[in-house]
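>>> how would this look folded up:
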Amino acid sequence: MGDELTPALLNSIAVSKISIIVLSKDYASSDSCLTELSKIMECKVSQGHIVLPIFYRVNPSHVRHPDKDESPFKVSFRQHLINNPMEGSRWKAAFTRVGYLKGWHIHGCNEYRSETEYIKDIVEVVIKKLHQPLDCCCYHSFSRLVANFLYGNKSVKHRTKRTKRRPNEVKGSWFLKV
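Next comes the predicted model:
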């Protein structure tokens, strides 16, 4: 599932400061997602890369413990370990580690909090973590990027990339199959 990650994308992960990981129920079925996650978690350890997980309609404890019977990720990891034991073990370790990170647990329809409020929180945290004020236009572009991801066509894998490097540039690469 998904395309092979290019060296350019893996390099973009290595030189970035922050990654937002959106974990959905089918995340673990994508080799591309797990390869990217492994690289991100490697950069967290080696470079202090900031990782912000969003548990989108999944229980964080299922991410921390993908082998449990009630985990929707159990079958995917079992298959990865059969097909490629070394890579499957690496992916599972990265996946488990991200489950222990502080992030957002977005349930979907929540009578107390809308997804729009979560998006605002995420944007504000990213701005604070980067220690760089974003102008109004950039703030709204980033908000739209996050909103489009959460509300857009949820069965489509989507990647965005800008060709010009800018100091406040936000690159996005995400995969969601709900």
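
>>> can you count the residues close to the residue nearest to L101 when sequence neighbours are not counted?
Using Cβ to Cβ, 6 or more residues apart in numbering and skipping the chain neighbours, the partner closest in space to L101 is P53 (5.2 Å). All C-beta atoms are positioned from the backbone trio N, CA, C, and that covers glycine. Using other Cβ atoms under 10 Å, the number of residues around P53 comes to 21.

>>> tell me the contacts of P53?
20-23, 60, 63, 98-99, 101, 103-104 (Cβ atoms under 8 Å, 6 or more residues apart in numbering).

>>> can you say which of those are buried?
Buried members of those, scored by 16 or more other Cβ atoms under 10 Å, are 20-23, 60, 63, 98-99, 101, 103-104.

>>> immediately after the helix or strand hosting V51, which helix or strand?
Using DSSP states H and E, V51 sits in strand 50-56. Sequence-wise, the next helix or strand downstream of strand 50-56 (DSSP H and E) is helix 60-64.

>>> other SSEs contacting that following helix?
Helices and strands touching helix 60-64, as assessed by 3 or more Cβ pairs under 8 Å, 6 or more residues apart in numbering; DSSP states H and E, comprise strand 50-56, helix 85-98.

>>> surely Y56 touches I20?
No. Between Y56 and I20 there is no contact under Cβ atoms under 8 Å: 10.9 Å.

>>> can you give me the helices for this protein?
Ranges of helices in the chain, per DSSP state H, are 7-15, 31-47, 60-64, 74-83, 85-98, 115-130, 136-151.

>>> and for the shortest one, what's in contact with it?
Under the contact criterion Cβ under 8 Å, 6+ apart, helix 60-64 has outside partners 23, 53, 55, 68, 70-73, 95-96, 98-100, 103, 105.

>>> residues touching V125, list them.
V125 makes contact with L52, according to Cβ under 8 Å, 6+ apart.

>>> how about low-confidence regions in the chain?
Within the chain, the set of residues satisfying pLDDT under 70 comprises 1-5, 108-111, 132-178.

>>> 90 instead, please
Counting by pLDDT under 90, the chain contains low-confidence ranges at 1-11, 67, 69-71, 107-120, 127-178.
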